[in-house]
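Q: no FASTA, just this:
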C-alpha cells in the first residue's frame, strides 16, 4: 500500500512515534534544523499554520482588552540578576551578548576586544523583567490600571536536547503581561486567559485540553499560581500547550511596580503573565497526524482547499486549467469558519500524482483533482483529508460542481468538528480514574520498553491527592520521577464528591490531579 | 493658543524639527527609549500603526507570490566571515553572543566561562547568509525556481547615535529573499518590488516617494544594483524608506546557490533581497505630523474614528454612553478603504477634554465628541484631524447621526487623499531642476546654521550627471559630503531629452539624479 509518508506511527508492532513525528515535520515541509544548533527554520507551510494561529489568537487577545507592544530583545544582566535574587528556581541557560563589534585579526573575523560591553546583555528568555521595568514607569495611579499588554516575539532558552517545534533554543510566542490593583482582579485575569487558551485550543486547533492548576513544584519560578492547558498526544503523553501565571506581588516588588490608590496611598500591583508558542504546532502534529502525514484543522490551514489540475501536455490542458481557475475563484468567494475560504490552485511544474501526495502529506483539508472528464461532466473530484482512506484505499468522490461549491463551507466545518471529536474521544477514553494507590499507578505505567521516545501507549491517570506541600511534595515528585511521570495539573471545575484517599499519602484527598508522561 | 503638543516645528523663527520629532514620538505615545542602549519600546499606538503596515504590506507580498518563513535569529560567525571575505564595505557593528549560560560567582551573576561557545553567534543584522545557506539546500533544479521568500523579523545593528524609529540598534522589518534562473528575471523581481514599495508608500502611508537607482557608492555591499524609494520630510531632508537589491550572482557564489538547468548543466542562481522597516513610522511622523502632533493616514490608523463621550457624573451619562455605544456599533459595520472601520469608544476614567487632546496628539483621523445635546438632537459632533483648525481655532462640525454614519467611509477616503496630496505638493514644489553646476548646488545648500538636526529648510535638487565611476565618483562623493549631501537616487522613468552637462564633471550627462540632505 502506498503511503504519503515514509514512516508510520508503529512498525513491527512497536511504537515508532518519535521517528514518525520527525518524518511528518520533514516530509510535510513544516520546518527543518538549521546550522545554528537548537534553532529551527520554519518553512512556508509551517509558518503559514503559525500565521493562522497568530491571527485567531491575536483577535481573542485584543477582544479581551489587551494591547500589543514591542519590547527590546536584549535584557541588561542586572535586570536578570534582580530576578535571580528573587527567584530560587531560576534557569540560567541563556544566550549572552558580550561584544558589539567584529574585527579582522590574523586574517579571521573575531569579536573585537575593544568592543566588549560594560554590562553583558541577555537575549530574552521571557520578558517579565524588561516589561516590569516599563510598567514601573507607566503606572502611577489606579487610573492606569488594569494595564493589559501582549507581545509577539522570539525568545531564546539554551536547550541541550532539542526537538523541532517542541523544544528549540529559539522559538516564537506571545507573552501577555498585566498589572492590576488587587489580587482578585489579577487572579480573575489569569483564569480568564486560561479559559481563552482552552477555547482557542479546542475551537481553532481542534485540540481538546484539560485546564487546571499546576502543583506547587511545577509553578513558574516566582509565580503564586500557575495554570496550564494539557493536551493528550497520540502516544498518550501530555503536552503542556499554554500557561497562565498569577504572580502575586512578587515581581511587582522586585521591579517596584506601585500605584497610588483612591485613598492616595501607594500599593504594590498584582501581576500576571501568560503565553503560548510555536510548540502548539508540535501539538497539532501529534494530535491530528496519521500515517499519511499531517492533517491540519481547517481553521488553521494556510490553504483549506487545494486544486490539482491533471495536466498531460495536451491541448485540453488549457481547458482544464481554465475550469480550475474558475473553480478556485468561486470557492475563494465563499466564507467558512468566519473567513473567506483559502484556496490554492497548484500549477507547479511537477507530476500531478506527486502534487496529490504532497498535499496529503501536508494535510490540506480538501484536495481536488480535476481532469478532462471532470470538466466534461462539470463535476469536482475530491478527497477529504480527515477520511482519506476506506481501509487501505484512497477515497475520492465526484459531485456536481455547483453542489461542491455550495457545500464546501459546511464540509470544512465538518472536518474541523470531526478532527476535534476524534481527539476528544481519545482523550476521554484514555484517562483512568480507577487507580487507588501508588502501586497501581506504578503498575499501570511500568514497562513500555527502554526507548523513552517510543514508549508503549499509556493514557493519563486522574487520581485523588491530599495536596501535600514542602518535603512531602518533594517526596511525591521523586517517586513520580522514577516512573518518568509528572503531575500535569489539578483540573478546574471539580465536583464536591468525596474523593477518598490520596494515592500518595493515604490521607484524605482534597482534589484530583492528572498524572502522565509528558513532553 | 492651546496646542496638543508641547513643541512646535519652529520656534522663534528657527527650525525646531528634531525636538518636535521627539515630542511627537513621546507625546503621541508611539515609542520610548528603553534601558537597553539603542533599543526602543514600541507602545500600543506605535505598534498598532506597525500592525496595519504589516497587514497591508504582507498582503501585497503574498499576492506577488512570496511565502513567509522564519529563519534563526543567530548566525554562525563563519557565515558572516564568508560574506566579509566577499564584500568590501562590510559593516562590523553587530551584537555577538559568546556564552550560553549564566552562573553565580562571588555573589553576582556572570557569563559562565565553562559555557563559552566554540563558535560565536552573531545576532542577525540581515539574513542573506543564513537564508542563502538554506537556499543552497532547497534549490536543486530549475523547477525549484523562482524561490520567493519573505520574513518578518527583528534585526540588530549596533548604532552609536540612535533616534527612535529612524535609527535604533534593534528594529523590526520584513526582508524578502529570492532566487532566479537568470539575470533578467531577478532584475525584474527587484524592480517589481521597488514598484510595490512605491505603490504601498503612496497608497497606504499617503507618503509620496521617488523610486530610483542608488549610485554605485551607495549600493548595498555586494549588490549589483540597489534601488530605493525616497520620501521628503517636512524639514526638506530625504528619508530612504525602502530598498530593493539585485544581487547578481555574488551571494549565490559565496553561498553556493546553484541549480540544474533544463540542459542538465549546473548554473549559479541570480538573487535579490529587499526590505522596509519600522523606520517607515518615523517617515509617517515627519511627513504628516503638525504642531498638534501626529496625523495618521486612515489606512494605517489603529483606530480611524474615536468617540469621546462627554460624561459629567450626572444621570444623563448613561444616555450619552448608550448613544455612543450604538454609534460605535453602527460605524464598525461600515467599510472604508477596503476594511471594516476601526472605531474606539474611549471610556477611560479621565476628563473628556484630556481625551480629546490625547487623540489629537495621536492623530486619530476623526474624533467625535458626544454630549447630551448631541443625543437630544440625534447628531454627531466631530473634528477631522487633517483640517483640525481654522486659523488658530479648532474646527468641529455637527451633522445628523445617520448622515455621519453614511458618509464616514467617504470622509476617511478623503482624509487619506488629502494627506497624500498635501505631501505630494510639498515634494513636487521643492525639487529644483535649475541647478547648472556645482557652485550653484553649493550655494543653494550653504548656510542653514550649525545645528545639523534643525537646519533651515532646503528642498532637493534634481540635476544631470555623467554617472562617473571609480575615483571620479569618489571625488563627487567627497565634494557632496562636505556639504552634508548625498545622491539619493537616479529616478526611474527618465525622459529621452538632452540633459545637458553633468554638474560635477562638465561632461555630457546620461541621467538625472536627486541630491539632498538626508536621515
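A: Perfect, thanks for sending it. These figures come from a predicted structure and were not determined experimentally. Residues are numbered from 1 along each chain as shown, chains lettered A, B, ... in the order given.

Q: Show me which positions of the helix-or-strand element of chain A with minimal mean pLDDT end up buried.
A: Least confident element among the helices and strands of chain A, by mean pLDDT, DSSP states H and E: helix A:77-86 (a mean of 84). For helix A:77-86, the neighbour count (16 or more other C-beta atoms under 10 Å in any protein chain shown) marks A:77, A:79-84, A:86 as buried. C-beta: built from backbone N, CA, C; applies to glycine.

Q: Show me the contact partners of stretch A:46-54.
A: When contacts are defined by C-beta atoms under 8 Å, 6 or more residues apart in numbering or on different chains, stretch A:46-54 is touched by residues A:25, A:29-31, A:42, A:152, A:165, A:172, A:174, A:204-205, A:278, A:280-281, A:284, A:296, A:299-303, B:67-70.

Q: again, 7 Å this time
A: The contact list for stretch A:46-54 (C-beta atoms under 7 Å, 6 or more residues apart in numbering or on different chains) reads A:30-31, A:42, A:152, A:172, A:278, A:280-281, A:296, A:300, A:302, B:68-70.

Q: before we move on, what about stretch A:77-87?
A: So stretch A:77-87 is contacted by A:90, A:119-122, A:129-130, A:133, A:221-222, A:250, A:254, B:102, B:108-109 (C-beta under 7 Å, 6+ apart).

Q: For chain B, give me its nearest residue in the stretch 301-450 of chain A.
A: Proximity of the stretch 301-450 of chain A to chain B (C-beta to the nearest C-beta) peaks at residue A:349, 5.4 Å away.

Q: before we move on, back to that, of the contacts of stretch A:77-87, which count as buried by neighbour count?
A: If we count by 16+ other C-beta under 10 Å, the contacts of stretch A:77-87 have these buried: A:90, A:120-122, A:129-130, A:133, A:221-222, A:250, A:254, B:102, B:109.

Q: and residue A:427, how many residues sit next to it?
A: Residues lying near residue A:427 (other C-beta atoms under 10 Å in any protein chain shown) number 18.

Q: What distance do you get for it to residue B:84?
A: According to C-beta to C-beta, to the nearest Å, residue A:427 and residue B:84 sit 53 Å apart.

Q: give the contact list for residue A:128.
A: A:177, A:251, A:273.

Q: which of these has the weakest pLDDT?
A: Sorting the contacts of residue A:128 by pLDDT puts residue A:251 at the bottom of the list (93).

Q: where does the residue nearest the centre of chain A land in three-state SS?
A: Of all residues in chain A, the one closest to the mean position by C-alpha atoms, centre = their mean is residue A:280, 1.4 Å from it. At residue A:280 the chain is in helix, as set by DSSP: H, G, I helix; E, B strand; the rest coil.

Q: Check the gap between it and residue A:223 for me.
A: Taking C-beta to C-beta, one finds residue A:280 at 21 Å from residue A:223.

Q: swap in residue A:213?
A: In terms of C-beta to C-beta, residue A:213 sits 11 Å off from residue A:223.

Q: Ok, residue A:135 next?
A: Relative to residue A:223, and taking C-beta to C-beta, residue A:135 is found at 17 Å.

Q: same deal with residue A:289?
A: Residue A:289 sits 33 Å away from residue A:223, going by C-beta to C-beta.

Q: one step back: of the buried residues of helix A:77-86, closest to chain B?
A: Nearest to chain B among those, with distances taken as C-beta to the nearest C-beta, is residue A:81, at 4.4 Å.

Q: what's the closest of the contacts of stretch A:77-87 to residue A:488?
A: residue A:221 (18.4 Å; C-beta to C-beta).

Q: mind checking how far the closest one is from chain B?
A: Going from residue A:221 to chain B by C-beta to the nearest C-beta, to the nearest Å gives 14 Å.

Q: unless I'm mixing things up, that residue is touching residue A:126, no?
A: No: between residue A:221 and residue A:126 no contact is recorded; they are 10.3 Å apart, counting by C-beta atoms under 7 Å.

Q: residue contacts, the residue nearest to residue A:5 when sequence neighbours are not counted?
A: Spatial nearest neighbour of residue A:5, chain neighbours left out: residue A:293 (4.7 Å); criterion: C-beta to C-beta, 6 or more residues apart in numbering or on different chains. Residue A:293 makes contact with A:4-5, A:24, A:27-28, A:360-363 under the criterion C-beta under 7 Å, 6+ apart.

Q: if you look at these, which of them are in helices?
A: A:24, A:27, A:360-362 (DSSP state H).

Q: Identify each of the helices in the stretch 351-500 of chain A and give its residue range.
A: Secondary structure of the stretch 351-500 of chain A, counting by DSSP state H, counting those that start in this stretch: helices at A:352-362, A:372-376, A:401-428, A:438-445, A:470-482.

Q: Dump those helices to TSV, plus distance to residue B:510 and mean pLDDT.
A: Below are these laid out as TSV (distance: least, C-beta to C-beta, whole Å; pLDDT from 0 to 100):
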stretch	distance to residue B:510	mean pLDDT
helix A:352-362	49	96
helix A:372-376	55	97
helix A:401-428	57	98
helix A:438-445	80	94
helix A:470-482	76	96
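
Q: Distance to chain B for the ones you listed - can I get that in CSV?
A: Listed next are the helices of the stretch 351-500 of chain A as CSV, based on distance: least, C-beta to the nearest C-beta, whole Å:
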stretch, distance to chain B
helix A:352-362, 11
helix A:372-376, 24
helix A:401-428, 21
helix A:438-445, 33
helix A:470-482, 23
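
Q: which one of those helices is the most hemmed in?
A: helix A:352-362 (a mean of 20; mean count of other C-beta atoms under 10 Å in any protein chain shown).

Q: what's that helix packed up against?
A: Under the contact criterion of 3 or more C-beta pairs under 7 Å, 6 or more residues apart in numbering or on different chains; DSSP states H and E, helix A:352-362 touches strand A:305-309, strand A:366-370.

Q: Before I go, just wanted to say thanks for your time.
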